[in-house]
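K.L.:
Coordinates only, no sequence provided:
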Ligand code: PMP
Ligand code: GLU
């Protein structure tokens, strides 16, 4: 079939592809432990879900303004105010159908042919595709492996050209779990500001942080230290609401209007019942933060379990110590050989021979690594890691 040049280079989401395959094999009766899915295994807290259900019952079934209900935009701005250095304005909030759409909105509105957009590598699998959909050029850039690949001015200096117009990265990072300290974030922000480069900070895992408090946000830096920027966040990961599809961007209201115009022709408003559920969450920060703390406690325990099991079963395998999100990003290249020469080969073999589903690093731009998600029960996580170790251990020279 002849398709438009718009999608000539487009590849389907690799993370979604692995989860879909794992689900299919399970449905066929195979014994599969799925450590691929990038979503909390918890149900949406009942009172948040109730906000959506009550919303439907009381007529919340019609269009809302494209950038979302004003009450929700105000609630989001209020919710994030305590960690922000400046007064947040609700007109800067554009509610979308997931953080993914907010990243798309930002990239499509800001970048175009001839532009290069740096992506913190390893990068989330959708970044290069979204940048390419805007007809700009995605350019991976990584900081030192010994520092969880976090970007620093030296790494950025080596990648910048006179065509660089943007920098897109996530902290806490998917897939590495690395989290930028406030100083590290400030260094990246200063670097971008000095060059007038748009900084898109994907903070969807902000609340899932294993250190004290929440992860540093671009919003927490003084306004005068920031150049042009967009902060992306949402309800999916923190409140176990992946299926509700609620994300948002925070930016200068002028850009917010441009993104609203784009969204008005693509999806209009995010689903109204989902906005009403999100309003329950953002509108009651105390209650919401309490359930987030409980979930983060569970993720922290599983992080410790995963790290402990790797230390015990695969002590020679290097991984990035996860400080946030719910992924363990570990090297698999020591197991190459016998016809296996990439993470894709290794992950396929582990899935076929041991029934453990993990995502190959090719999805994130590095075929030496694989990613497992520890957003699953302790029992499944332990079983899955034991399977991975059983496969890898004899192959580690
Ligand atoms: N950014 C990152 C780094 C992610 O891992 C995800 C996961 N899906 C998203 C954005 C998109 O989130 P959402 O489900 O809200 O679209
Ligand atoms: N972001 C998650 C992941 O990386 C969910 C799947 C997706 O949207 O790519 O696995």
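P.N.:
It's in. All figures in this text were calculated on a predicted structure; none of them were measured in a lab. Residues are numbered from 1 along each chain as shown. Ligands and ions are numbered 1, 2, ... in the order given.
K.L.:
Quick check: residues of the stretch 1-150 of the chain near ligand 1?
P.N.:
For the stretch 1-150 of the chain, the residues in contact with ligand 1 (CB under 6 Å from any ligand atom) are 38, 98-100, 124. Every C-beta, even on glycine, is put in place using the N, C-alpha and C of the backbone.
K.L.:
what's the neighbour count on the residue in the chain that ligand 2 sits nearest to?
P.N.:
Per CB to the nearest ligand atom, residue 38 is where the chain lies closest to ligand 2, at 2.3 Å. Counted with other CB atoms under 10 Å, the neighbours of residue 38 add up to 24.
K.L.:
these two touch, right, it and residue 174?
P.N.:
Yes - Residue 38 is in contact with residue 174 according to CB atoms under 8 Å; the separation is 6.5 Å.
K.L.:
quick one on the thing from earlier: quick check: of the residues of the stretch 1-150 of the chain next to ligand 1, which lies closest to residue 87?
P.N.:
The shortest approach to residue 87 among those belongs to residue 99, at 23.5 Å (CB to CB).
K.L.:
which residue sits closest to that closest one, ignoring its sequence neighbours?
P.N.:
Sequence neighbours aside, residue 247 is the residue nearest to residue 99 in space, at 3.6 Å (criterion: CB to CB, 6 or more residues apart in numbering).
K.L.:
residues contacting the residue in the stretch 51-200 of the chain positioned nearest to ligand 1?
P.N.:
Across the stretch 51-200 of the chain, the shortest distance to ligand 1 (CB to the nearest ligand atom) belongs to residue 98, at 2.7 Å. Residue 98 makes contacts with 234, 236, 245-247, 270, as judged by CB atoms under 8 Å, 6 or more residues apart in numbering.
K.L.:
Repeat the analysis, applying 7 Å as the threshold.
P.N.:
By CB atoms under 7 Å, 6 or more residues apart in numbering, the contact list for residue 98 reads 234, 236, 245-247.
K.L.:
before we move on, what about residue 188?
P.N.:
Taking CB under 7 Å, 6+ apart as the test, what residue 188 contacts is residue 151.
K.L.:
That one and residue 204, how far apart?
P.N.:
According to CB to CB, to the nearest Å, residue 188 and residue 204 sit 17 Å apart.
K.L.:
got it, and residue 17?
P.N.:
Taking CB to CB as the measure, residue 17 falls 20 Å from residue 204.
K.L.:
now residue 122
P.N.:
Using CB to CB, one gets 16 Å for the distance from residue 122 to residue 204.
K.L.:
where does this protein have its least confident helix or strand?
P.N.:
Between all helices and strands in the chain, the lowest mean by mean pLDDT, DSSP states H and E belongs to helix 14-27, at a mean of 89.
K.L.:
And it, what does it pack against?
P.N.:
Where contact means 3 or more CB pairs under 7 Å, 6 or more residues apart in numbering; DSSP states H and E, helix 14-27 is packed against strand 359-360.
K.L.:
model confidence over the strand it packs on, on average?
P.N.:
Averaging pLDDT along strand 359-360 yields 96.
K.L.:
likewise stretch 276-294?
P.N.:
For stretch 276-294, the mean pLDDT works out to 98.
K.L.:
Which of the residues in that stretch are classified as buried?
P.N.:
Within stretch 276-294, the residues that qualify as buried are 276-285, 288-289, 291-292, counting by 16 or more other CB atoms under 10 Å.
K.L.:
picking up where we left off before, pLDDT value on the residue of the stretch 51-200 of the chain closest to ligand 1, please?
P.N.:
As predicted, residue 98 sits at a pLDDT of 98.
K.L.:
What of the one 3 residues further on?
P.N.:
At residue 101 the predicted local confidence, pLDDT, stands at 98.
K.L.:
How about the contacts made by it?
P.N.:
By CB under 7 Å, 6+ apart, the contact list for residue 101 reads 247, 267.
K.L.:
And for residue 362?
P.N.:
Counting by CB under 7 Å, 6+ apart, residue 362 touches 342-344.
K.L.:
returning to what we had before: quick check: pLDDT value at the residue nearest to residue 99.
P.N.:
We have a pLDDT of 98 for residue 247.
K.L.:
bridging residues for it?
P.N.:
On the basis of DSSP bridges, residue 247 is bridged to residue 96, residue 234.
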